[in-house]
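# mind looking at a prediction? Sequence and model below.
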Amino acid sequence: MKLSAAAAARALTRSAHRSLIAAAPSAGPRRATFFSVARMSTPVPPALNPATEPLPWGDARTDPLQYLRNDDKTLNDYLAAENNAAEAYYKRNRGLLKPFRRDLESFLRVEKIAPSVPDLVDGWQYWNETTHEGIQYWRRHSDAQPTRSYGAASDRELVLDTSVIPGSIKKLGLSPSHGLIGYLVEQPGAEFGTLHFRRLHAPCDSAEFDVVPVGATAALNGLRAFSFEFVSDSIIVYTVCNDQLRPDRVFVGDWRQPANTHTLLLEDDLGFIDLGKTKDKRFVTININTLESSEVHVYPVDGSAATPILVSELEDGVQYFVDHHGDQFFILTNADGAQDFKLVTAPTATPGRAHWSDFHVPAPGDKIEDVDLFAEHVVLYMKRQGESVVEVIDTTATDAEEAAARQMPAVHQVPLPKGGAAVPGINLDYHADTFRMTIQHPFAYDAIVDYNMKSRRVLPRRLQPVPVSAFNAANYDVTRIWVTSRDESARIPVTLLHRRGMELNGSNPVSLRAYGAYGLCIDPTLRLDVLSLVKRGWIVAIAHVRGGSEMGRAWYSDGKLVNKRNSFYDVIDVAEHLCTIGMSRPELMTATGFSAGGLTIAAAAMYRPDLFRALVLHSPFVDVLGSMMDESLPLTQGEFAEWGNPLASKAYYDLMSDYSPYDQVLRHLAATNHQPEPDSEPTTTTTSTLTRLPSLLVTAGKRDQRTPVWQTAKFVALYRHLAESIARKHSSSTCEDVVFSINDDGSHFGDVDAGQVGRVEEMAREVTFLNRQVEDNWRFGGQGPADQGFVGRLISKL
């Protein structure tokens, strides 16, 4: 198990981190069927029907489109009209769409797909292979002689073929004997799944399994299962979700028996429960997390304790994550004022807070994000000034004198390439001297490398270059700039992806991207749509705004709760700075956000609609106030620590009302429809002078349970009402395009069953929309002469 605060935050929140590569290399595309195309006029948004909701302090809130939540006919008719209009838009722009689609496909057409790299686990080698139908998981015993394709039919075994499984695989787990594999299958849009088990070709820990044929499957039905861990081949620990889709109960039992025979181990009425297993496989960890605090229980797999053992009681504001090493627990925590986390140890028999001892306290400015334990080493994954850093601690060097005698420091840093970010590998071999990590880079497919912690050498294991004929990475660069915030209290890091030798004459189109929530860090990793834009002269600017934690925990705190507006102000300040220094101008400034990042972008743009030419919002969280006032929604109660509770505090109500994109549009609409007296002053400068809105591309899924489609529909419909109102007032077009695409099978993370072709099509449409918005002010170009071997040179520098 790895100790990761970031993983806990992603599980707890409405974050939408889609596949950053978005598609794997392929020998060629396949055809897909999309919505039927029908040319239609602009959709008529649902009528405004003001309804008031009383507030605890005597006021009332008016929401003219809240009725869409319960009026299925009106909602579905409107969504169908928007989908038809979106298809008509792309049909009109097929002259752009087709070449962009071909361009994206060209990034995937590699001459040779690099083979998968097996992971060694208990004497078995596991790997996966991607086919047109889906992912296949394979294995062979490490004693078998590998072939060029990682095992011929005689010495390799098909562990699981996802193409024959109806649904999406959320989690895989191997039994201790490797005689069984468990897997959790989710249906589209669900946040939970059904547990399945498959017999593999290996002896199990009980003779009862000998009669079960290899390949036989079974399911534990009737549960809203969220996670699971094997205790033995027959006993599992698993979590179950409540009606609000929060995993709140932990059970243990024989998976071959009905669920009603299993034992309840633990229940929690507030936290989000997830499971893990310590690296030495001695304990199942039961992790109870909120956005601010955590509590961990450990369950011995040897049966030495009938109930889970509490590590340390829940303490407000204290987070900790547990692993086990030798005769002690290793605990990653922010206790004792270590806001950027430190690593402590505690004896196995007495793991409580009173027995914690500091093992490693990072230097000021370093934030520990993840920890991986080995028998003789500890690996730290950190952020330093927003950059990815990996350090290795040699636990066999007991003191400084011993380290000096060996002429090697007890702590050393692993070399990483410029612009690269390191992601931990699986690394299940506790006794290994080598660990695996993935190096991500915005201009290259993920590179898998091994690092020997004793010899301190990097060994590339899998390098898959983007075809040079499609994208010559040598012609592009990754640059870090810093922007001073408006109150001069912060320097905002911005990662720029751009053509080398770009001119600062205000003529570069910009795709500004930001997230800024839940303390999540956004690293610049490969996205095919980004390659397409940069190739044509765009600058892709990733603003690491407050609300993330790229600059440490304080960076997160400065962008949440009462400080939430800092996230939006940072986006505005970055956009203004890029225009001030001559990189771009408002006519060429676009912005993109996913989920809570959609809130960040939309809120900034509604504060300053004059600063942006177009917005792209995927599964956006745009009805913040309405969501946080409705405790029946799945995430609301658990997210009061992120946004505040508007029904318990008028101050938070007023704050959310000010920045929530839906409420901002509502305010703009009211001001636009208001007819002031001839001598009266305008209510606000921004609203009274509003004559144009950014173009808008929004995507949503009908099965989204985190940002429901009716909330997104409210925002788009109100945006159309505002555009029409401004047009009537000024007798001119105020918004070039509004495109709203809804996927009937899509969840918060898109349509997971769409496959590579579907993801490429979605990206091609987005790139088409963006280029269409700026084409009147700019014309794109191509790329320079080819240069070979970018990925190899990148890794060789290590």
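Sure thing, it's come through. Numbering: from 1, shown residues only.
# now the strands for the stretch 51-200 of the chain?
Using DSSP state E, counting those that start in this stretch, the strands found in the stretch 51-200 of the chain span residues 51-54, 60-63, 119-121, 124-130, 135-141, 157-161, 168-174, 180-186, 193-199.
# quick one: whichever helix or strand comes after the last one to chain centroid distance?
Right, the one you point to is strand 193-199. Beyond strand 193-199 on the C-terminal side, the first helix or strand identified by DSSP states H and E is strand 217-230. For strand 217-230, the distance from its own C-alpha centre to the chain's C-alpha centre is 25 Å (C-alpha atoms, centre = their mean, to the nearest Å).
# which one of the strands of the stretch 51-200 of the chain lies closest to Met628?
Between Met628 and those, the shortest separation by C-beta to C-beta is 11.9 Å, and it involves strand 60-63. All C-beta spots, glycine's among them, are computed from the backbone N, C-alpha and C.
# strands paired with that closest one, and their directions?
Its sheet considered, strand 60-63 pairs with strand 51-54 (antiparallel) by DSSP bridges.
# list the buried residues in the partner strand.
By neighbour count with 16 or more other C-beta atoms under 10 Å, strand 51-54 contains no buried residues.
# ok so, going back, any chance of a markdown table for the strands of the stretch 51-200 of the chain, columns distance to Phe612?
What follows is the strands of the stretch 51-200 of the chain, written out as a markdown table (distance: least, C-beta to C-beta, whole Å):
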| stretch | distance to Phe612 |
| --- | --- |
| strand 51-54 | 31 |
| strand 60-63 | 25 |
| strand 119-121 | 44 |
| strand 124-130 | 37 |
| strand 135-141 | 38 |
| strand 157-161 | 45 |
| strand 168-174 | 35 |
| strand 180-186 | 36 |
| strand 193-199 | 39 |
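# now those as CSV including distance to Thr768 and mean pLDDT?
Conversion of the strands of the stretch 51-200 of the chain to CSV gives the following (distance: least, C-beta to C-beta, whole Å; pLDDT from 0 to 100):
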stretch, distance to Thr768, mean pLDDT
strand 51-54, 38, 89
strand 60-63, 34, 93
strand 119-121, 39, 89
strand 124-130, 27, 91
strand 135-141, 29, 93
strand 157-161, 35, 95
strand 168-174, 28, 91
strand 180-186, 31, 95
strand 193-199, 35, 95
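# and Gly419, helix, strand or coil?
At Gly419, secondary structure determined by DSSP: H, G, I helix; E, B strand; the rest coil is coil.
# does Gly701 touch Ile742 like I think?
Yes. With the criterion set as C-beta atoms under 8 Å, Gly701 and Ile742 qualify as a contacting pair; they are 7.2 Å apart.
# now for these two: what residues contact both?
Common neighbours of Gly701 and Ile742, counting by C-beta atoms under 8 Å, 6 or more residues apart in numbering, are Val709.
# with neighbour numbers in mind, choose between those two.
Each of Gly701 and Ile742 had its neighbours counted (other C-beta atoms under 10 Å), and the higher figure belongs to Gly701 (27 against 23).
# model confidence for Asp570, exactly?
According to the predicted model, the pLDDT of Asp570 comes to 98.
# just list the residues touching the closest residue to it other than its chain neighbours, thanks.
The shortest distance from Asp570 to any residue other than its chain neighbours is 3.7 Å, reached at Val545 (C-beta to C-beta, 6 or more residues apart in numbering). The contact partners of Val545, taken as C-beta under 8 Å, 6+ apart, are Ile492, Ala514, Tyr515, Gly516, Gly559, Asn566, Ser567, Asp570, Val571, Val574, Thr600.
# mind checking which of the strands of the stretch 51-200 of the chain is nearest Glu631?
strand 51-54 (13.3 Å).
# now what about the closest one, what contacts it?
The contact list for strand 51-54 (C-beta under 8 Å, 6+ apart) reads Ala60, Arg61, Thr62, Asp63, Pro64, Gln66, Tyr67, Met629.
# next one: stretch 348-355
Counting by C-beta under 8 Å, 6+ apart, the neighbours of stretch 348-355 from elsewhere in the structure are 298, 309-313, 315, 322, 324, 327-329, 331, 335, 346-347.
# before we move on, what about stretch 219-228?
Stretch 219-228 is contacted from outside by 171, 173, 182, 184, 191-197, 236-242, 247, 255, 259, 273-275, using C-beta under 8 Å, 6+ apart.
# confirm His668 sits in a helix?
Yes. Remark: His668 belongs to a helix, assigned using three-state DSSP.
# where does the stretch 551-700 of the chain have low pLDDT?
Scanning the stretch 551-700 of the chain with the threshold set as pLDDT under 70 gives 675-688.
# and the strands in it, which stretches?
589-594, 614-618, 695-701.
# relative to Val164, which of these is closest?
It's strand 695-701; of these, that one is closest to Val164 (C-beta to C-beta) at 24.4 Å.
# which strands border that closest one, and is each parallel or antiparallel?
The sheet places strand 695-701 alongside strand 614-618 (parallel), strand 738-743 (parallel), with pairing taken from DSSP bridges.
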